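In: Just to be clear, the model below is a prediction. Sequence and coordinates:
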Amino acid sequence: MESDARYAWVGAALLALIAVLAGGLYWLNNSGTGHETRRYVIYFREQSLEGLQINSDVRMQGIKVGKVIDYVILPSQAKTVRVLVEVDARTPVLEGVEAVVTRNLVTGLAAVDLENVWKGGAPLTEVYEGEDHVVIEEGVPQITRFTRSLEELGATSQEAV
């Protein structure tokens, strides 16, 4: 009789442990930010996406506002990559917003930075024909702008000489 009682306690403890484990997994699975998100598409043609991964950060003014959901190289246009990003709905993605890829120099991991070019514009809502999501235009990275300025400076100084 005594051994049956121990088996009952062990069984009850095991069932309680399984219930706690299931509850913990449910809680972890549903403990997201709880905020609504919006999805946008970006077509990158000029920038290298080296280091960009699924779940890479999407940032605006240095703050993480979303993540990369998916990307695919378009079969009809081998130099174009379609990137699907998910952004917190509270983020002001305005008309004229541009997306650039930035890299961490130490790790090599890339992130997508969103830059609102026009201040005070209307929210970006235009969906192109054949798209399910709003399209964000590709921008020009800061380092590319800097090198172009140096090239122009060199050309004008050469002409002056």
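Out: Structure received. Numbers count the residues shown, from 1 in each chain.
In: Give me the buried positions along the longest strand along the chain.
Out: Determined from DSSP state E, the single longest strand within the chain is strand 63-73. Neighbour-count burial for strand 63-73 flags 65-69, 71 (criterion: 16 or more other CB atoms under 10 Å). C-beta here means a position set from N, CA and C on the backbone, and glycine is covered the same way.
In: Then stretch 105-120?
Out: Residues 110-114, 116 are the ones in stretch 105-120 that count as buried (16+ other CB under 10 Å).
In: Need the mean per-residue confidence for the longest strand of the chain.
Out: Across strand 63-73, the average pLDDT comes to 93.
In: ok, now stretch 13-29?
Out: 91.
In: what ranges do the helices span in the protein?
Out: Here the chain has its helices, by DSSP state H, at 2-29, 142-160.
In: now the closest residue to I54 other than its chain neighbours: how far from D88?
Out: Sequence neighbours aside, V68 is the residue nearest to I54 in space, at 5.9 Å (criterion: CB to CB, 6 or more residues apart in numbering). Using CB to CB, to the nearest Å, V68 is found at 14 Å from D88.
In: Out of the buried residues of strand 63-73, which is nearest to V93?
Out: V65 (8.8 Å; CB to CB).
In: got the contact list for that closest one?
Out: 58-59, 87-88, 91, 114 (CB atoms under 8 Å, 6 or more residues apart in numbering).
In: likewise T91?
Out: So T91 contacts 60, 65-66, 114 (CB under 8 Å, 6+ apart).
In: could you redo the last one with a cut-off of 7 Å?
Out: Counting by CB atoms under 7 Å, 6 or more residues apart in numbering, T91 touches 60, 65.
In: Tell me the spacing between it and Q47.
Out: From T91 over to Q47 the distance is 21 Å, taken as CB to CB.
In: Find the centremost residue of the chain, please.
Out: Nearest to the mean C-alpha position of the chain, by CA atoms, centre = their mean, lies K67 at 2.6 Å.
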